[in-house]
Structure formats: C-alpha cells, structure tokens
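**Q** generate a structure from the sequence data that follows.
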Amino acid sequence: RQRQMCIRDRSMIEQESSVVGTLLASGYTRGELVRHYMTLPVVVMLVASVVGNVLGYTWMKYVVAGMYYHSYSLPTYTTIWNADAFIETTVIPFVLLLVVNFLVIMSMMTLPPLQFLRHELKRNKKRRAISLPNWKFITRFRIRVILQNKAAYLTLFAGIFFASVLMLFGMMLSPLLTHFKAEVLDSKIANYQYILKMPLETETSGAEKYAVSELKNSSDEEITVYGIEEHSKYLKNLDLKDGEVVLSDGYMEKYGIRIGDEIKLHEEYGDNKYTFKVSGSYHYPATMCIFLSKSTFCDIFDKDPDYFSGYFSNSKIKDIDEKYIGSVLDLEALTKISRQLDVSMGNMMSLVNAFAIGIYMVVIYLLSKIIIEKNAQAISMTKILGYTNGEISRLYIWPTTIVVIICLLLSLPIEKAVMNVLFREMMLTSISGWIALWIDPKIYVEMFLIGIGTYAVVAMIEYRRIKHVPMDEALKNVE
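**A** Residues are numbered from 1 along each chain as shown. Next up is the predicted model:
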C-alpha cells in the first residue's frame with residue numbers, strides 16, 4: 001500500500017512537473033512543495049484510519065462477534081479499546097506512509113527547476129532504448145509500454161501476490177477440512193474405540209483388546225500411546241515387533257521426526273520420562289499417537305501381560321455398563337476438530353475472500369490509472385492521428401492485461417510455497433493435532449478466473465478513461 005501511494009505521488013509530480021518547475025523558479029521553497037504534496041496522502045490516511053477504527057468498533061465488531069457466537073458458547077462481551085491493535089493497524093501504517101512518502105517526494109524535489117520544466121525527472125541520463133526484434137508494430141509498442149512502466153508492474157505483481165495469498169487461504173479451508181474428514185474416515189481403526197475405566201470382558205463379536213495411555217511431549221501436546229495385540233485384525237498393515245515404536249504420520253510431519261530418531265515423552269502428573277526410538281510411520285491422521293506391541297507397552301508401563309484398557313470394535317458394545325466406559329471414540333468424535341474449524345472459521349474465510357478481491361481491484365485500478373494518466377499526451381496524439389478508442393485501448397490496456405495474466409500465473413507456485421510455511425506455523429502454534437496441507441487443484445483455476453474477472457471490471461473503467469482523454473491534451477506541455 002505504501003508503494004502504491006509513493007507511485008501515485010511520483011506520478012502526480014511528473015504530471016505537474018512544469019508547474020513544480022515554475023513554482024521553484026518563482027521562489028517557492030522545496031519545503032513548501034513537499035508539504036503541499038504530503039498533505040493529500042496524509043489527509044487520506046487520516047480519514048481512512050478514522051473510518052476504519054469507527055467501523056472496527058461499531059459495525060464490524062458485530063460481524064465478527066456473530067461469527068464467534070455462532071461457533072462457541074461465549075458470555076456477553078464488552079467492547080474495550082485495544083492499544084496494541086491501534087498501534088499495529090493505525091500508528092505503524094501512518095508512520096510508514098509519512099516516512100516513505102517524505103523520502104520519495106524530497107528526493108524528487110532536489111532536482112533543479114530546469115529539469116522539472118523539461119520533464120526530465122530521472123537522475124540518470126536517458127538510457128538507450130532496448131533493441132527489440134523485428135516484430136509487428138503493435139507488439140513492439142506494447143512491450144515498450146511494459147518496459148516504461150516496469151516499476152508500476154512490479155508493484156502490481158506484489159499486490160496481486162499478496163491478495164492471492166489471502167484468497168488462497170480463504171478458499172482452501174473448506175475443501176481442506178472436507179478432505180481431512182474423508183481421510184480420517186478412510187483410515188479409521190474401527191467404528192468404535194472404547195476406553196474402559198477398568199478391564200472388563202465382553203462377548204461382542206469382533207471386539208479386540210488394546211492398551212492405551214496418555215503422555216506429553218516436549219511441547220506439552222497430548223500424545224496417545226497404543227499397545228496393540230499381535231496380528232491385530234484392525235491394524236493389519238501395522239507390523240510391530242517387540243521394542244519397536246511406530247508413529248502416526250501426522251506426528252512425524254508436525255515435528256519433523258524421521259525414522260531412526262528418538263522421541264522423549266513424559267507423564268502429565270508424574271515424574272516418569274520415556275524415550276522411544278522410531279522404527280516406522282502409520283497413516284492415522286485422526287490423532288497424534290504412537291503404536292507399540294502390547295507386550296512392549298506392558299513392559300514399559302509396568303503392567304501385567306494380560307492388561308488391557310479398551311476395545312476396538314466395528315459394532316457397539318452393549319454388555320458393558322456405561323458407568324465403566326471412560327470414553328468412546330466413534331466417527332463423530334474422530335472428525336470433531338475438522339467440523340469445529342469449519343464452523344468457527346467458515347464465515348471468517350468469506351470475509352477474507354472479500355478483502356482479497358477488494359485488494360485486487362484497488363491495486364489493479366490504481367496502477368492502470370497511473371499508466372493511462374502518464375500516457376495521456378501520447379493517447380491524445382494517437383486520437384489526432386485517427387486511431388479509434390478501441391485501437392488505443394489495445395495499445396495501452398492490453399499490455400496491462402498481459403502483465404496481469406503473467407502475474408496471476410507466476411504467483412501461483414509462490415503462493416503454494418508461502419502457504420506451506422504459513423499453514424505449518426498455524427498448525428504448530430494454534431491447534432492441537434495435525435492437519436496436512438491439501439489444496440484442491442480447482443482452487444487455482446477459480447483464483448485465476450476471479451483475478452481475470454476482477455481485472456475485466458477495471459479494464460472497462462480504464463477504457464472509459466481513454467475515451468475521455470481530450471485531443472487538445474497533445475498540445476499541452478509542447479516545447
């Protein structure tokens with residue numbers, strides 16, 4: 001945003017360079033001109049800050065509060081002024097705006113008045129134009145437009161990239177959680193996992209005993225430890241040998257654990273600490289857990305060889321009184337995390353998408369407008385030479401169209417890499433458990449189409465701007 005404002009201020013000075021040169025030659029000081037050109041962005045920033053804070057503490061707070069009330073049972077809240085939020089959202093951007101704009105404007109104002117009068121606002125001598133192949137005139141003209149406005153187009157890429165990251169985060173969440181729920185259901189051990197308060201036998205057909213305990217890792221995250229029967233019919237692909245430990249793949253991915261590494265766990269309320277050497281991984285995204293053979297489990301935790309604390313079963317156990325059942329992990333419980341995230345963050349993601357589209361439109365509109373304004377005299381001359389508005393738009397709007405398409409395509413792989421980092425940090429710091437990042441491929445297509453559709457609206461606005469460029473513009477500033 002600061003770079004856009006700087007480009008806008010620089011463009012304004014370039015358009016009014018003759019006026020600036022005349023004022024400097026007439027005795028106006030550079031400080032007076034700097035204050036003049038600083039006034040507008042400062043006023044705009046102040047108005048935006050006031051409006052933003054008023055909306056944040058009035059209308060927007062009800063929107064966000066409604067999202068939380070929809071997801072959680074919260075008591076009635078009281079609105080309080082947040083100093084940290086005010087500094088981060090208002091004070092810091094305002095200071096950045098002042099500093100960056102002052103440096104840019106002041107650097108331009110150090111030029112002598114004669115250079116302003118000649119419209120020579122570059123410190124370096126005019127470089128020799130890049131030699132282009134013998135392509136069609138229209139193609140070479142569009143490339144010249146791109147090369148002349150490369151700074152604006154680099155800013156355009158940065159704006160599109162930032163907006164695309166926001167949009168990717170907003171659009172990927174719901175499909176990601178749906179995919180995660182499907183993975184959990186596909187990899188479930190059994191329809192029911194019973195954890196008993198005391199060992200009790202059952203006559204339920206197909207029920208299989210297992211031992212279970214809860215430990216904590218170095219991050220104080222709860223890790224479930226399973227002691228599995230030899231030749232288990234519920235975990236057929238899990239090959240456990242005495243003394244070996246297999247981790248769920250989510251546990252290994254979250255903490256960067258590899259086969260052969262050692263992990264250290266401890267009791268939550270006791271002093272006992274345990275060290276396990278990892279011999280393999282098992283696809284079980286439902287929880288953070290490790291698997292041992294039941295004999296190894298009993299040796300480590302000093303239990304009798306016939307000890308067990310739960311049952312795997314595909315049918316409901318009815319011959320054990322509910323008062324002896326500690327908990328039941330069924331299909332609904334396995335998908336609880338994903339459902340909670342979907343409900344709590346679904347509406348928020350719609351808001352993120354709306355802001356991302358808004359950023360798209362503002363960035364593309366401002367930079368496209370600046371490019372048209374910088375070339376207003378040339379556009380006026382082409383009108384005098386008989387070019388139609390449609391032909392002129394193909395000269396000046398098509399280069400921006402090409403750059404927007406390239407920016408949208410180039411930003412996709414970078415966004416994916418950035419999202420890998422951001423999503424991992426979010427899972428490490430905010431959520432107990434692990435959800436592997438998965439992005440539905442069709443989201444990339446949807447993002448590209450949204451970007452193109454947003455630009456199409458801006459292109460129509462810029463076409464109207466070209467139509468309103470008068471022919472007498474070419475007669476101004478002629479030396």
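**Q** against Lys264, how distant is Leu437?
**A** Leu437 is 27 Å from Lys264, where distance means CB to CB, to the nearest Å. Any C-beta I mention is one placed from the backbone N, CA and C, and that applies to glycine too.
**Q** so for those two, which sits in the more crowded spot?
**A** Neighbours around Leu437 and Lys264, counted as other CB atoms under 10 Å, are more numerous at Leu437. The numbers are 15 against 11.
**Q** look up phi and psi at that one.
**A** Leu437 adopts backbone torsions of phi -70, psi 130, taken as degrees, to the nearest 10.
**Q** check contacts around it.
**A** When contacts are counted by CB atoms under 8 Å, 6 or more residues apart in numbering, Leu437 touches Leu176, Met419, Asn420, Phe423, Arg424.
**Q** highest neighbour count among those residues?
**A** Taking other CB under 10 Å to define a neighbour, the member of the contacts of Leu437 with the most is Leu176, carrying 21 neighbours.
**Q** which secondary structure element contains that one?
**A** Secondary structure here is read from DSSP states H and E; on that basis Leu176 sits in helix 150-186.
**Q** would you mind identifying the helix or strand in the chain with the lowest mean pLDDT?
**A** Of all the helices and strands that make up the chain, helix 2-15 has the lowest average by mean pLDDT, DSSP states H and E, namely a mean of 59.
**Q** in stretch 218-235, what's buried?
**A** Of the residues in stretch 218-235, those buried under the neighbour-count criterion (16 or more other CB atoms under 10 Å) are Glu221, Ile223, Thr224, Val225, Tyr226, Gly227, Ile228, Glu229, Ser232, Tyr234, Leu235.
**Q** next: stretch 132-150.
**A** For stretch 132-150, by 16+ other CB under 10 Å, it's Phe141, Arg142, Ile143, Val145, Ile146, Asn149.
**Q** hang on, the earlier thing: show me which pair in the buried residues of stretch 218-235 is furthest apart.
**A** Farthest-apart pair in the buried residues of stretch 218-235 is Glu221 and Glu229; separation 26.7 Å (CB to CB).
**Q** where does pLDDT dip in the stretch 201-350 of the chain?
**A** Along the stretch 201-350 of the chain, segments meeting pLDDT under 70 span 337-347.
**Q** can you show me the strands along the stretch 101-250 of the chain?
**A** Defined through DSSP state E, counting those that start in this stretch, the strands belonging to the stretch 101-250 of the chain, from first to last, are 192-196, 208-216, 222-228, 245-248.
**Q** how many other residues sit next to Val104?
**A** Each residue near Val104 was counted by other CB under 10 Å, and the total is 19.
**Q** what's the helix or strand hosting Leu449 packed up against?
**A** Using DSSP H and E, the secondary-structure element containing Leu449 is helix 441-467. Contacts defined by 3 or more CB pairs under 8 Å, 6 or more residues apart in numbering; DSSP states H and E place helix 441-467 against helix 150-186, helix 336-374, helix 389-430.
**Q** identify each buried residue in it, please.
**A** In helix 441-467, counting by 16+ other CB under 10 Å, buried: 443-444, 447-448, 450-451, 454-455, 458-459, 462-463, 465-466.
**Q** tell me the contacts of the residue of the chain positioned farthest from its centre?
**A** Farthest-out residue of the chain from its mean C-alpha position, per CA atoms, centre = their mean: Glu203, at 52.0 Å. Glu203 sits next to Asp319 when contact means CB under 8 Å, 6+ apart.
**Q** look up how far Tyr68 lies from it.
**A** Separation of Glu203 from Tyr68 (CB to CB): 47 Å.
**Q** next, count neighbours for Val404.
**A** So Val404, with other CB under 10 Å, has 25 neighbours.
**Q** correct me if wrong: it contacts Gly451.
**A** Yes. Assessed by CB atoms under 8 Å, Val404 is found in contact with Gly451 at 7.1 Å.
**Q** which residues are in contact with each of those two?
**A** Ile160.
**Q** give me the number of residues near the closest residue in space to Met419 that isn't next to it in sequence?
**A** Residue nearest to Met419 in three dimensions, not counting chain neighbours: Leu168, with 5.8 Å by CB to CB, 6 or more residues apart in numbering. In terms of burial, Leu168 registers 24 neighbours under the definition other CB under 10 Å.
**Q** wait, Leu168 sits on Phe448?
**A** No. Using CB under 8 Å, Leu168 makes no contact with Phe448, being 11.4 Å away.
**Q** ok now stretch 280-287, how far from the chain's centre?
**A** Counting by CA atoms, centre = their mean, to the nearest Å, stretch 280-287 is centred 27 Å from the centre of its parent chain.
**Q** who touches that stretch?
**A** With CB under 8 Å, 6+ apart as the test, stretch 280-287 has contacts from 180, 183-184, 187-189, 224, 235, 237-239, 244, 246-250, 252, 259, 291, 334, 433-436.
**Q** how does it look with 7 Å?
**A** The list of residues contacting stretch 280-287 from outside it, by CB atoms under 7 Å, 6 or more residues apart in numbering, reads 180, 183-184, 187-188, 224, 238, 246-250, 252, 259, 291, 334, 433, 436.
**Q** please indicate which of those are buried?
**A** In those, burial by neighbour count holds for 180, 183-184, 188, 224, 238, 246-250, 252, 291, 334, 433, 436, counting by 16+ other CB under 10 Å.
**Q** for the closest residue to Ala163 other than its chain neighbours, what are its contacts?
**A** In space, Ala163 comes closest to Ile359 once its chain neighbours are excluded; the distance is 4.0 Å by CB to CB, 6+ apart. Neighbouring residues of Ile359 by CB under 7 Å, 6+ apart: Gly159, Phe162, Ala163.
**Q** list the buried ones in stretch 192-211?
**A** By neighbour count, and taking 16+ other CB under 10 Å as the criterion, the buried residues in stretch 192-211 are Tyr192, Gln193, Tyr194, Ile195, Leu196, Thr204, Ala207, Glu208, Lys209, Tyr210, Ala211.
**Q** any chance of CSV for these, columns distance to Pro399?
**A** Formatted as CSV, those follow (distance: CB to CB, whole Å):
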residue, distance to Pro399
Tyr192, 63
Gln193, 61
Tyr194, 67
Ile195, 65
Leu196, 71
Thr204, 72
Ala207, 70
Glu208, 68
Lys209, 71
Tyr210, 66
Ala211, 69
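**Q** quick check: of the residues you listed, which lies closest to Pro75?
**A** Each of the buried residues of stretch 192-211 was scored against Pro75 by CB to CB, and Ile195 proved nearest at 32.1 Å.
**Q** quick check: the closest one vs Leu265, distance?
**A** Between Ile195 and Leu265 the computed distance is 19 Å (CB to CB).
**Q** then Leu196?
**A** Taken as CB to CB, the spacing of Leu196 relative to Leu265 amounts to 22 Å.
**Q** and if you look at Tyr192?
**A** 26 Å.
**Q** what of Leu40?
**A** In this structure, Leu40 and Leu265 are separated by 61 Å, where distance is defined by CB to CB.
**Q** one more: Ser218?
**A** With distances taken as CB to CB, Ser218 is found 8 Å from Leu265.
**Q** picking up where we left off before, out of the contacts of Ile359, flag the one nearest to Thr275.
**A** Nearest to Thr275 among the contacts of Ile359, counting by CB to CB, is Phe162 at 44.7 Å.
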